[in-house]
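Colleague: can you look at this prediction? I've put the sequence above it.
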Amino acid sequence: MNVHVVEHPLIAHKLTMMRDKNCNSKNFRELLGEIASLMTYDVTKDWETEPVEIETPLEKMTGTRLKGEVTIIPILRAGLGLLNGVINMIPHAHVGHIGLYRDPQTHKPVEYYCGLPKQLDAKCIVVDPMLATGGSAAAAITMLKEKGLHNICLMVLVAAPEGIKVINKEHPDVEIYTAAIDRELNDKAYILPGLGDAGDRVFGTL
Ligand SMILES: O=P(O)(O)OC[C@H]1O[C@H](OP(=O)(O)OP(=O)(O)O)[C@H](O)[C@@H]1O
Ligand SMILES: O=c1cc[nH]c(=O)[nH]1
Ligand SMILES: [Mg+2]
């Protein structure tokens, strides 16, 4: 399976605080951003670098910088909750937006926005806290590929086994990074134990 569970005591601690139904929107947002920054460390750990000539205050040296362009793509709305945490770590990244919501009856994603930077060779990190049925992330990745973006990974906070299977089947080239793999989906396609509706908790629309 193409899935990495990013295991770290700080991530586990913060995610548990977020799952608690008494965690308010302010704390939920802050914790989500902090976990996104911590996860970025793992997502980028094998990224290619290149040498760069610089001058310290004392002498010239050959340093290291990330090679190539980077684009972060939050899936609206909830994906916006991860954006700042990732871009704080990669401040030169471009940002694209994909707007999708799940139809409450069919649980299928409905597209309402797609705005992407032009850098087609960029490494893309698609971010969304929840991978439930996998429909939204799979549709977002298909949209990126149709626009010519092919170097794609997916960062989520909580994944259901069902969603992981869908991404692995429809997009076997895409590595998934998640802070946790939960048990299952309920009959409304919510993740159990999960953390509820991530968008509502980020934006206080409960
Ligand atoms: O894997 P799936 O079954 O597609 O479910 C996951 C999607 O559902 C949530 O978005 P939602 O539709 O609630 O939109 P929102 O972010 O605007 O709240 C979540 O943020 C994912 O995008
Ligand atoms: O558990 C879930 C499933 C889909 N979307 C959410 O925000 N939460
Ligand atoms: Mg939602």
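Modeller: Here it is on my side, so go on. Numbering: from 1, shown residues only. Ligands and ions are numbered 1, 2, ... in the order given.
Colleague: please identify the residue most distant from the middle of this protein.
Modeller: Relative to the centre of the chain, and counting by Cα atoms, centre = their mean, the farthest-placed residue is L58 at 40.2 Å.
Colleague: mind checking the SS state of the residue of the chain with the smallest separation from ligand 3?
Modeller: Closest contact between the chain and ligand 3, by Cβ to the ion, is at G199 (3.2 Å). Glycine gets a C-beta too; all of them are placed from N, C-alpha and C. Following DSSP: H, G, I helix; E, B strand; the rest coil, G199 is assigned to helix.
Colleague: for the closest residue in space to G96 that isn't next to it in sequence, what are phi and psi?
Modeller: Counting by Cβ to Cβ, 6 or more residues apart in numbering, G96 lies nearest to L116, which is 3.8 Å off, once chain neighbours are set aside. With angles defined as degrees, to the nearest 10, L116 sits at phi -130, psi 150.
Colleague: what sits against the residue most central in space within the chain?
Modeller: Against the mean C-alpha coordinate of the chain, by Cα atoms, centre = their mean, the closest residue is V127 at 2.2 Å. Taking Cβ atoms under 8 Å, 6 or more residues apart in numbering, we find V127 in contact with A36, I72, I73, P74, I75, G79, L82, L83, V86, L154, M155, V156.
Colleague: what residues does the chain put near ligand 2?
Modeller: A78, M130, A132, Y190, I191, G194, D197, A198, G199 (Cβ under 6 Å from any ligand atom).
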